[in-house]
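> requesting a structural model of the entry that follows:
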Amino acid sequence: MTHSMTGFARNQETFTWAQLTWEIRSINHRYLEPHFRLPETLRLLEPNLREILRNKIARGKVEVSLQVQKTTTQQTINIDENLAKEVIQAAETINHQLSKPATINPMQILQWPGVIQESEIDPEQAKTNALSSFSTAVDDLIQQRAREGKELKNHITNRLDQVNALVEKTRLVLPELKQNQRNKLLEKLSVLEVEVDQDRLEQELVYLAQKSDVDEELDRLETHANEVKNCLNQKKPVGRRLDFLMQELNREANTLSSKATVSDTTQTAVELKVLIEQMREQVQNIE
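Next comes the predicted model:
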């Protein structure tokens, strides 16, 4: 299946310890180039995230970001009562020594380092949840890239059909074009009213026919177009192969243009170049 390299996916999941929100953006690139923006507490997961991407995506510049929001259950205040009592006793001791003792403020007691205990998060659970939700986000990205890839395949296939139609059209009129070319030369010689060596004339006509013969170019255009269709039906990444085939198609179209001796063939070459360029732009986004 043809996959685009352009896509976006967002996955949000809530666990007992936090809500994780993954966002993944990808654009076309020659290789797989991932970039991560992760909270410090989960930065150690980057090698695992890279491995997941390598196993599922072949090419593209991929930007990954993660937002972590602790859940309500994890925001419950846990107090170290023993430490709080020690802080209160110390405050009361100081109060007794003051000429004007002040009322102890409970909020100041809570602000003492260590009085409020942060809930510890199981690192293995956090890792498992994060990798699982990331893998789901990557799967969503792949599905989105597949949908866009299907559209790209349709656009390219449509243009390949037009290329084959132009090739067939040119092939059908080629004998007539060659005969017209021969007749024009004979007419010019007839107007000049000069004696012509028939053997030399035949040699020149053969040479002219060979010089303007485009049968091989038409065959190669048809072969390359069919190979592009074959690539589009493969399941593995084919972007680089398609890019090469676009270069070969363009090469044959240029040769066809250079051999053109009549306006019909020249126009066909121009139309082929336009179609090939349109396909090349689409191929740049295929994985």
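
> please count neighbours and contacts with C-alpha atoms only from this point.
Fine.

> and the strands in the stretch 1-150 of the chain, which stretches?
Under the criterion DSSP state E, counting those that start in this stretch, strands of the stretch 1-150 of the chain are mapped to 7-14, 18-27, 32-37, 60-70, 78-79, 116-117.

> list the buried residues of the strand or helix carrying residue 278.
For residue 278, the host element (DSSP states H and E) is helix 263-283. By 16 or more other C-alpha atoms under 10 Å, the buried positions in helix 263-283 come out as 265, 266, 268, 269, 272, 273, 275, 276, 279, 280, 282, 283.

> stretch 132-143 now?
Of the residues in stretch 132-143, 133, 134, 135, 136, 137, 138, 139, 140, 141, 142, 143 count as buried by neighbour count, 16+ other C-alpha under 10 Å.

> same list (those residues) but as CSV, adding pLDDT and distance to residue 122.
Shown next, in CSV, are the buried residues of stretch 132-143 (pLDDT from 0 to 100; distance: C-alpha to C-alpha, whole Å):
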residue, pLDDT, distance to residue 122
133, 97, 17
134, 98, 18
135, 97, 20
136, 97, 21
137, 98, 23
138, 98, 24
139, 97, 26
140, 97, 27
141, 98, 29
142, 97, 30
143, 97, 32
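
> just those residues: which are in helices?
Residues of the buried residues of stretch 132-143 located in helices (DSSP state H): 133, 134, 135, 136, 137, 138, 139, 140, 141, 142, 143.

> my read: the fifth one touches residue 11, true?
Yes - the pair residue 137 / residue 11 is scored as a contact, 5.2 Å apart, by C-alpha atoms under 8 Å.

> find residues that contact each of the two.
Common neighbours of residue 137 and residue 11, counting by C-alpha atoms under 8 Å, 6 or more residues apart in numbering, are 22, 23.

> circling back: of all the buried residues of helix 263-283, which comes closest to residue 57?
For the buried residues of helix 263-283, the residue nearest residue 57 by C-alpha to C-alpha is residue 283; the value is 16.9 Å.

> which residues in this protein form helices?
For the chain, applying DSSP H gives helices covering 46-56, 81-96, 106-110, 123-192, 198-212, 215-232, 239-259, 263-283.

> quick one: which of those is nearest residue 20?
With C-alpha to C-alpha as the measure, helix 123-192 is the member of the helices of the chain nearest residue 20 (7.3 Å).

> that older thread, hmm, who's touching the helix holding residue 278?
In contact with helix 263-283 (C-alpha under 8 Å, 6+ apart) are residues 152, 155-156, 159, 162-163, 166, 170, 239, 242-243, 246, 249-250, 253-254, 256-257, 260.

> how far does stretch 95-102 sit from its chain's centre?
Distance of stretch 95-102 from the chain centroid (C-alpha atoms, centre = their mean, to the nearest Å) equals 71 Å.

> distance between the ends of it?
Terminal residues of stretch 95-102 are spaced 7 Å apart (C-alpha to C-alpha, to the nearest Å).

> count the neighbours of residue 82 for me.
Number of residues near residue 82 (other C-alpha atoms under 10 Å) recorded here: 10.

> what's the spacing between it and residue 92?
For residue 82, the distance to residue 92 equals 15 Å [C-alpha to C-alpha].

> one more: residue 237?
73 Å.

> of the two, who's got more company?
Comparing residue 237 with residue 92 by other C-alpha under 10 Å, the one with more neighbours is residue 237, at 19 against 16.

> care to break this protein down by domain?
7-73+125-146, 77-117, 148-283 (automatic domain parsing).

> ok, which of those comes nearest residue 1?
Across the domains of the chain, closest to residue 1 is domain 148-283 (C-alpha to C-alpha), at 4.6 Å.

> contacts only, for residue 93.
Counting by C-alpha under 8 Å, 6+ apart, residue 93 has no contacts.

> roughly how far does it sit from residue 60?
Look at residue 93 and residue 60: by C-alpha to C-alpha, they are 66 Å apart.

> ok, and the helix or strand in this protein with the lowest average confidence?
helix 198-212 (a mean of 57; mean pLDDT, DSSP states H and E).

> so where's the stretch 1-150 of the chain shaky on pLDDT?
Along the stretch 1-150 of the chain, the model assigns pLDDT under 70 to residues 72-77, 117-120.

> for residue 259, give its distance to residue 165.
20 Å.
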